[in-house]
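Asks: got a predicted structure plus its sequence, pasted below:
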Amino acid sequence: MLLQVLLSGLAIGAVYGLMAMAFAIVFYVTRVINFATGQLLMVSIMITAALSRAGLPDIVSVVVGVLASTVAGVLIYLLAVRPVLRFDRFSFAWLVSTLGVAIVLQSLAAIIWGPTSRGFPALLNRDNLHIGGAGISVQELLTIIVAIVVLVGFELVRRRTLFGKLGQAISADPEMASAIGARVTGFAIAAFAIGGLLAGVAGILVGPITFSNPYLGDTYGIFGFIALMIGGIERPAAAMGAGSCSASCPSVRTRSSARRRPTGSRSSSSWPCC
Amino acid sequence: MTAGIDMAAGRTERARSRSRFIGLGAVALVVVYLAANLGVAHGSYYVQNLAEVGAVFAILALSLDLVAGMTGLYSLGHAGLFALGAYATTLLNANLGWNVFILLPLSVVGVGIVGVVLGALSLRVSGLYFAIMTFIFTLVVTVLISDLDFTGGLQGIAGPTFPDFPEGLSFLGSSVAWCVGIAFLVTVVIVWSIRSSAFYPVLLAIRDAEPFAASAGVRTGVVRVMMFGLSAALAGLAGWAFSFLGFVSPGQFNWTVSVNILVMVILGGINTRLGPIIGAIFISAFPVVISIDPLVQEVIFGAIFVLVIVFFPRGIVGIVTSLARRIRRRPLPATEPSAPDTAPIAEAELAAAGEEPQVSDEIALEVRDVRFGYVRGTTVLDGIDMRVRRGSIHGLIGPNGSGKSTLVNLISGALRPTTGTIEANGHRIERLGAAGRPARGIMRTFQTAVLVRELSVRQNAGIGLYSRVPRISGRSLAWPLFPSAHRDDRAIRTRATAALARVGLGSGWATARVADVPHGVEQLTQLAAATVGEPSILILDEPLAGLSSGEVEQVSEILRQLKRDGVTVIVVEHQTRFIFEMCDEVTVLAAGELVTSGSAAAVRADERVREVYLGQ
């Protein structure tokens, strides 16, 4: 029983962790918290679902969905973040512009696809594995694996490659980094693209469980942000750890609070705004 | 001569009538506001609710601007502080039956104290880390109020009822509208007072130029914590007022509310008078007033966020000011700083140069056997002795890395010696913090001037008077109401102008923004800020760094004038010609040890000095 809780907690935690990572990589290079990261997850889910409903094969809709969130990430940088940073690198004005983008994306999705939940292709969620009496779907297993690969990959790139070190240099002092020849704008675009990509992948991984809903971005963005804040914005790896923990905790918490409050469903867990 | 006096009298007369005009304007504004409040109090439920919610959020936005805009602390804890105010009022009224008027000071002071504690805990971190600490605070508060048994959980509880007006006053209408309205008015008075006070430049200095502020005698850490405490108290006030508007439940206070308040401040215009109020009204009223399809309305709402901030990073107030500037066709101050006075020193002062000032035998500053290391086990300064005679110019030279700047930092209080004593004007000062030394007559300048770029040259120079104006921070809460504050304002302006004139910066430079002036003027401004308080001991850390030869001559002349005024000057410098020409005595350091100390001529002739420093 405990193993089951742990496993499903881990799978959800991996999604939060990927979201935290999407926040953290953008922050790592540009010192900006992209408050529309959750909505990027939603973009990939909504587009994948729409294409799948239109009759395209799963693999095509998944690829297009993830691409869409990646492109959207880059557009957010170019349209809403770069102009603000060029005016004053130290101001917090990006907070307003990225939140504005989040609101626009969410409401546009609700206008286009309706504000209610609709289907999402099951992908690998049909197949189940059994580990020591606990069941886990292949989709969940894949989520955990992807999260681990991303985490290890990021740490390797950051520590072992010039690319990663340049990222560190740019975050510390963009002017100095550009003086030694680093392409600061290129790096920032890459960071937002990777952030969009990770959020999109997280969306595809969690989609079969949540189905498609324009307000998903809120929930997952918030969890990703909390994981980022608790884990520490300097170290994306720690953010991912915090994501997994915060996921395991609410699922334990709702179980215990369910006893106290019989009406307590998942949505009334004590975490704010879920 | 009489013409000059007449002119001065005319100027003070004009200033007086101007301040009287402003005073009348303020009274008129309050009357109009109270009339509007009366209108709201008689308005429909819809109007009342709209105005009351808007006012509560305006209080929150103003209180956040106090720390985010003026002090550079981007707090995400304001929703938590707001929650504490509202829940304390509601719970103490519902469970213990306490009167709401007793709860007003309780929640304001109580939340203020929480703010002081939270601020003190988070003080060691700044920037985004401060935001994270306070974010976690809000998270903890919301989790507690959702989970504790007596808070009513997620459903929340009904707030207390605010007592109606007694029979005779019932013509005033809804009492809650007045309660919220007055709370907002009080907040505006406090925040705007601080903005117009002499404390405001000091706050910006803490935000942008902390070492400069500390060297002017500001205890920056304490001021930061107290400002956060004040901001928290105002958030508590907002919570108290909010509890009368109906239900309180955790959803109204979660961390997204913190983010929203910050959005109000930035969208309206951070660090402006009206910006936070406009932002709060826009964000709280827009979704209520614009009644179209809710989804389309949301899209427009978000698009306004993006468009305003991308095209006007200074927010809505930025739109207005740039429009106003375009209409008036007034050029930016940046494009046209009026021509500076090229003749730096007045003739009368040059005439006085004939008298050779006396250097007394009295010791103004004595460093005795000072040892210091940045890391345990290493030694940067090893048993330094230095005696500076009153009224002398004392040079401190040595090769790079010899410990000159460390010694200067020890004397000015930025560092504390491991062992040894420093005595200034007969007082031991080595354990005194940097902010305590201006009161002992010690002021300093830095190698590179870091000033408040958005303030004028004169305002920056005026910061140097912080330790000379009593209770400047306490009085700032209601600054315009104190007659003494008006006197101090005038005195600060006059003395800062005079100090700028002494360093050769005429009235042309005084009103230019520091962001728009060349490096040399910045250095001279810093010198004016260090001398405006008339220190008895002045420490100059490489005052010539980056100056042109003309400016070097100007600084030399300023030093001679300071000496004539009897100021003891310690100067760290690399230009040996300047040092040996200007100084009475010179101390030479090398590799953290004292090489020699004595009269300029003796030091110049010293074999060892030639060896270690002049490379001969």
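Replies: Here it is on my side, so go on. Numbering: from 1, shown residues only, chains lettered A, B, ... in the order given.

Asks: chain neighbours aside, what residue packs nearest to residue 49?
Replies: All of this is about chain A. The shortest distance from residue A:49 to any non-neighbouring residue, by Cβ to Cβ, 6 or more residues apart in numbering or on different chains, is to residue A:212 (3.8 Å). Just so you know, the C-beta spots here come from the backbone N, C-alpha and C atoms, and that holds for glycine as well.

Asks: oops, wrong one, chain B.
Replies: residue B:245 (7.3 Å).

Asks: what's that neighbour in contact with, if anything?
Replies: Going by Cβ atoms under 8 Å, 6 or more residues apart in numbering or on different chains, residue B:245 touches B:49, B:52-53, B:56, B:159, B:176, B:180.

Asks: does the helix or strand hosting residue B:286 come close to chain A?
Replies: Here residue B:286 sits within helix B:275-289, counting by DSSP states H and E. No - taking Cβ under 8 Å from any Cβ of the partner chain as the criterion, helix B:275-289 and chain A are apart, separated by no less than 9.3 Å.

Asks: just the CA coordinates for that helix, please, in PDB.
Replies: What follows is helix B:275-289, C-alpha atoms only, in PDB (Å, rounded to 0.1, in the frame of the first residue of the first chain):
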ATOM      1  CA  GLY B 275       1.100  54.200  -9.500                       C
ATOM      2  CA  PRO B 276       0.200  51.700  -6.800                       C
ATOM      3  CA  ILE B 277      -3.200  53.200  -6.400                       C
ATOM      4  CA  ILE B 278      -4.000  53.200 -10.100                       C
ATOM      5  CA  GLY B 279      -2.700  49.700 -10.400                       C
ATOM      6  CA  ALA B 280      -4.800  48.500  -7.500                       C
ATOM      7  CA  ILE B 281      -8.000  50.200  -8.800                       C
ATOM      8  CA  PHE B 282      -7.400  48.900 -12.400                       C
ATOM      9  CA  ILE B 283      -6.800  45.300 -11.300                       C
ATOM     10  CA  SER B 284      -9.600  45.100  -8.800                       C
ATOM     11  CA  ALA B 285     -12.200  47.000 -10.800                       C
ATOM     12  CA  PHE B 286     -11.500  45.900 -14.400                       C
ATOM     13  CA  PRO B 287     -13.100  42.400 -14.100                       C
ATOM     14  CA  VAL B 288     -16.100  43.900 -12.300                       C
ATOM     15  CA  VAL B 289     -16.700  47.000 -14.400                       C
END
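
Asks: check which residues of it are buried.
Replies: B:275-284 (16 or more other Cβ atoms under 10 Å in any protein chain shown).

Asks: tell me the one among the residues you listed nearest to chain A.
Replies: For the buried residues of helix B:275-289, the minimum distance to chain A (Cβ to the nearest Cβ) is 9.3 Å, reached by residue B:279.

Asks: in contact with the nearest residue to that closest one once chain neighbours are set aside, which residues?
Replies: Setting aside the residues directly before and after it, residue B:279 is nearest to residue B:268 in space (Cβ to Cβ, 6+ apart), at 2.6 Å. Going by Cβ under 8 Å, 6+ apart, residue B:268 touches B:61, B:274-280, B:282, B:315-317.

Asks: rerun at 7 Å
Replies: Counting by Cβ atoms under 7 Å, 6 or more residues apart in numbering or on different chains, residue B:268 touches B:275-279, B:315-317.

Asks: before we move on, back to that, now do the helix holding residue B:286, average pLDDT.
Replies: Helix B:275-289 shows an average pLDDT of 90 in the prediction.

Asks: helix or strand next in line after that helix, which one?
Replies: Next element after helix B:275-289 (DSSP H and E): helix B:294-311.

Asks: any idea of the angle the next helix or strand after that following helix forms with helix B:294-311?
Replies: Per DSSP H and E, the first helix or strand lying C-terminal to helix B:294-311 is helix B:316-328. Here helix B:316-328 points in a direction 60 degrees away from that of helix B:294-311 (axes from the mean of the first three to the mean of the last three Cα atoms, to 10 degrees).

Asks: need the residues of the stretch 51-200 of chain A near chain B, please.
Replies: Residues of the stretch 51-200 of chain A found near chain B (Cβ under 7 Å from any Cβ of the partner chain) are A:80, A:83-84, A:87-88, A:91-93, A:95-97, A:99-101, A:103-104, A:107-108, A:110-111.

Asks: buried members of these into PyMOL, please.
Replies: Buried subset of these, written as a PyMOL selection, criterion 16+ other Cβ under 10 Å:
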select buried, chain A and resi 80+83+84+91+92+93+95+96+97+99+100+101+103+104+107+108+110
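
Asks: for the longest helix seen in chain A, what is the distance to the chain centroid?
Replies: Counting residues, the longest helix found in chain A (DSSP state H) is helix A:2-30. Computed by Cα atoms, centre = their mean, to the nearest Å, the chain-centroid distance of helix A:2-30 equals 8 Å.

Asks: so what secondary structure elements neighbour it?
Replies: Where contact means 3 or more Cβ pairs under 7 Å, 6 or more residues apart in numbering or on different chains; DSSP states H and E, helix A:2-30 is packed against helix A:37-53, strand A:134-137, helix A:138-160, helix A:162-172, helix A:184-210, helix A:216-231, helix A:236-260.
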